[in-house]
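Asker: Have a look at this prediction, sequence included:
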Amino acid sequence: MPKTNKMAKEANTSIRRLCICAARSPNQPMIDLLNVNQWKFYVVSTVKLDGYKRSEVSITLKSLEALSGGATDYSKLKKQIERAIGVS
């Protein structure tokens with residue numbers, strides 16, 4: 001994309017895939033944010049997110065799960081991203 005020093009008329013993103021993370025722990029006081037095993041990861045294409053019409057700034061976990069096809073663990077995240085971008 002050529003640089004023109006001009007702003008676009010509409011906001012958009014050049015990102016095609018997005019990974020959204022949510023911390024999970026049955027015992028909230030014991031959550032360790034540095035422990036990736038306590039996180040769920042959702043890989044979603046920006047096309048699907050752009051098509052999501054309920055809100056432009058937030059999304060429910062139920063909707064995120066539906067758009068992403070479900071959560072994945074950290075150990076499977078690379079494979080999930082590769083599948084989403086068509087590398088596998």
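Answerer: Ah, there it is. Numbers count the residues shown, from 1 in each chain.
Asker: ranges for the strands of this structure?
Answerer: 17-23, 39-45 (DSSP state E).
Asker: Out of the ones you listed, which one sits most buried?
Answerer: Of these, the one with the most neighbours on average (mean count of other C-beta atoms under 10 Å) is strand 39-45, at a mean of 19. Yep, even glycine has a C-beta here, placed from its N, CA and C like the rest.
Asker: Packing partners of that one?
Answerer: strand 17-23, helix 61-68, helix 77-85 (3 or more C-beta pairs under 8 Å, 6 or more residues apart in numbering; DSSP states H and E).
Asker: N35: which of the ones you listed is closest?
Answerer: Across those, N35 has its closest neighbour in strand 17-23 (9.2 Å, C-beta to C-beta).
Asker: need the helices and strands packed on strand 39-45 in a markdown table with distance to T4 and mean pLDDT, can you?
Answerer: A markdown table is the format used below for these (distance: least, C-beta to C-beta, whole Å; pLDDT from 0 to 100):
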| stretch | distance to T4 | mean pLDDT |
| --- | --- | --- |
| strand 17-23 | 26 | 73 |
| helix 61-68 | 33 | 88 |
| helix 77-85 | 28 | 85 |
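Asker: Could you export those to TSV, including columns for distance to N5?
Answerer: Shown next, in TSV, are those (distance: least, C-beta to C-beta, whole Å):
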stretch	distance to N5
strand 17-23	27
helix 61-68	35
helix 77-85	31
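Asker: What's the local residue count around N5?
Answerer: For N5, the count of nearby residues is 4 (other C-beta atoms under 10 Å).
Asker: Just give me how far stretch 79-88 sits from the chain centre.
Answerer: 14 Å (C-alpha atoms, centre = their mean, to the nearest Å).
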